[in-house]
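Engineer: mind looking at a prediction? Sequence and model below.
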Amino acid sequence: MLTRRNLLAGAAGLVATAPLAGLAQSGPAIHVMKDPNCGCCGAWMDILQGDGFAVTSEDVFGTILSRYKIDNGIPQQMISCHTAKVDGYMIEGHVPPADIRRLLDERPDAVGLAVPGMPYGSPGMGPEDRREAYDVHLILRDGSTEVFSSYDAAA
């Protein structure tokens with residue numbers, strides 16, 4: 001039964017926890033450009049949100065998404081399914097949140113990070129305990145890349 005006392009207690013609880021609701025999304029803001037029909041993009045965004053990133057997304061189609069990647073310095077050999085922007089850096093594909101945080105901490109003079117293709121077991125691409133080996137690449141301003149971090153295949 002809804003009484004005045006229950007209503008006031010509930011309102012007080014909401015007021016007390018409202019500041020905490022913002023903490024979950026107080027991390028870096030990341031905007032994801034993705035194909036609207038791609039399920040793995042949504043899974044990757046869920047992982048980022050769970051890691052404290054403030055995630056927004058925009059559905060784009062085919063050539064518009066390809067043009068966005070090229071215009072923002074993603075080399076053809078680094079392309080994956082979705083592209084994100086965080087604090088001036090581009091993030092291509094299933095890059096782990098820890099690598100994005102490291103990029104933001106170290107602030108190299110670079111375009112951003114990429115996990116080309118869609119390696120099984122990378123964030124959003126299936127269970128980590130069955131992952132295949134993959135590298136996260138740092139995309140340099142001249143279009144070249146270097147390995148930023150490596151993930152071994154699951155045993």
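Structural biologist: Okay, I see it.
Engineer: wasn't E92 part of a strand?
Structural biologist: Yes - residue state for E92 (DSSP: H, G, I helix; E, B strand; the rest coil) corresponds to a strand.
Engineer: residues near it, how many?
Structural biologist: Neighbour count of E92, defined by other CB atoms under 10 Å: 26. C-beta here means a position set from N, CA and C on the backbone, and glycine is covered the same way.
Engineer: tell me which element I30 falls in.
Structural biologist: Using DSSP states H and E, the element containing I30 is strand 29-34.
Engineer: that strand pairs with which strands, parallel or anti?
Structural biologist: Looking at strand 29-34 with DSSP bridges, its partner strands are strand 54-59 (parallel), strand 83-86 (antiparallel).
Engineer: buried deepest among those strands, which one?
Structural biologist: With neighbours defined as mean count of other CB atoms under 10 Å, those peak in mean count at strand 83-86, which reaches a mean of 22.
Engineer: measure stretch 138-147 end to end?
Structural biologist: One end of stretch 138-147 sits 6 Å from the other (CA to CA, to the nearest Å).
Engineer: worst-scoring helix or strand of the protein, pLDDT-wise?
Structural biologist: Here the helix or strand of the chain ranked lowest by mean pLDDT, DSSP states H and E is helix 4-23, holding a mean of 41.
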